[in-house]
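Make a model of this:
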Amino acid sequence: MTPRKLFTALAFAEAVTWTLLIAALVAKYAFGNEAFTPIAGGLHGFVFLSYAAVTVFVWVNQKWSAATGVLGVALAVVPWATIPFEKSLDKRGLLEGGWRLGPGGEEPKNFVDKVQAMVLRRPVAAALVAVAGVAVVFLILLWLGPPIPKG
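Numbers count the residues shown, from 1 in each chain. Below you'll find the model as predicted:
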């Protein structure tokens, strides 16, 4: 899985879950059907967090500017904005290449590089930790409740 493939997949998934969430909200407010809202909201929340994590990971690998990286994370809150952002990055060549800190790659130079190198050199363990980390954040957000309180 290249940085481009990973980022493209998460950008698309984030946009798809926006669609599901908006459809669920339309069903809730136009037809009084709230059954789908918690499922779509939870799924979107999980993919949103995953997209943000992948964006930061690819940002580090590709050595994007701070403005590009922050914009990539921030655009997740705008429905469907991740797809044109991904297309723009791809067109400018900012998703080209492999994992620079992977096995046999560059030596890490700072703390962030060292974390990424560790992840790339132990992908199964890192994936388990990443999924667990996203799940913990997701559970905390569920515990805190929806962004707009009921009633």
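
Buried residues of the longest helix along the chain, list them for me.
Ranked by residue count, the top helix of the chain under DSSP state H comes out as helix 3-31. For helix 3-31, burial by neighbour count (16 or more other CB atoms under 10 Å) applies to 3-4, 6-8, 10-11, 13-15, 17-18, 20-21, 24, 27. (Each C-beta comes from the backbone N, C-alpha and C, glycine too.)

The residue nearest the centre of the chain in helix, strand or coil?
With distances taken as CA atoms, centre = their mean, Y51 lies nearest the centre of the chain, 0.5 Å away. Y51 falls in the helix class when you classify it by DSSP: H, G, I helix; E, B strand; the rest coil.

can you pull the contacts of it?
Applying CB atoms under 8 Å, 6 or more residues apart in numbering, we find Y51 in contact with 10-11, 13-14, 76, 82.

What is the lowest-mean-pLDDT helix or strand in the chain packed up against?
One helix or strand of the chain scores below all others by mean pLDDT, DSSP states H and E: helix 123-144, with a mean of 87. For helix 123-144, the helices and strands in contact under the criterion 3 or more CB pairs under 8 Å, 6 or more residues apart in numbering; DSSP states H and E are helix 37-62, helix 111-121.

could I get stretch 80-94 in CSV with only the CA atoms?
Presented in CSV, the C-alpha positions along stretch 80-94 are these (Å, rounded to 0.1, in the frame of the first residue of the first chain):
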residue,chain,number,x,y,z
TRP,A,80,-17.0,15.9,0.2
ALA,A,81,-13.9,18.2,0.3
THR,A,82,-11.4,15.4,0.8
ILE,A,83,-11.8,14.1,-2.8
PRO,A,84,-10.9,17.4,-4.6
PHE,A,85,-8.1,17.9,-2.0
GLU,A,86,-6.7,14.4,-2.8
LYS,A,87,-7.1,15.1,-6.6
SER,A,88,-5.2,18.4,-6.2
LEU,A,89,-2.4,16.7,-4.2
ASP,A,90,-2.1,13.9,-6.8
LYS,A,91,-2.0,16.4,-9.7
ARG,A,92,0.8,18.4,-8.0
GLY,A,93,2.8,15.1,-7.4
LEU,A,94,2.5,15.4,-3.6
